[in-house]
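Colleague: one predicted model, sequence on top.
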Amino acid sequence: GMQEAIDRIHSLLQAAVDRGFPPERIVLCGFSQGGALALQAGLSFPHTLAGICSVAGWLSSGMPAAEAAERWEMPILMCH
């Protein structure tokens, strides 16, 4: 399900950070369901990313507002 996919993206992002890629230089992108996943994973990742690009995606109503509020400084492009 979606949570397993979010956990997998978090693992990949953390592996990149552990290898020396600063999170503020990582942009997470996705199309359709991948766009929804990019939003969910990017907004709930413990480090603020450089940005999120979601093409034809959506933000699930299950996303806690407190998590998203911590990321208000992060650029987000959502388009359809």
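Modeller: Alright, I've got the coordinates.

Colleague: following the longest helix seen in the chain, which helix or strand comes up?
Modeller: For the chain, the longest helix by residue count, based on DSSP state H, is helix 2-18. Going down the chain from helix 2-18, the next helix or strand is strand 27-31, by DSSP states H and E.

Colleague: just the residues contacting that following strand, thanks.
Modeller: 9, 13, 35-39, 41-42, 49-57 (Cβ atoms under 8 Å, 6 or more residues apart in numbering). C-beta coordinates here come from the backbone N, C-alpha and C atoms, glycine included.

Colleague: which of these are buried?
Modeller: For those, a burial check counting by 16 or more other Cβ atoms under 10 Å picks out 9, 13, 35-39, 41-42, 49, 51-54, 57.

Colleague: which of these sits closest to Arg25?
Modeller: Nearest to Arg25, judged by Cβ to Cβ, of these is Leu49 at 8.6 Å.

Colleague: does that closest one touch Pro23 like I think?
Modeller: Yes: when contacts are counted by Cβ atoms under 8 Å, Leu49 is listed as touching Pro23 (5.4 Å).
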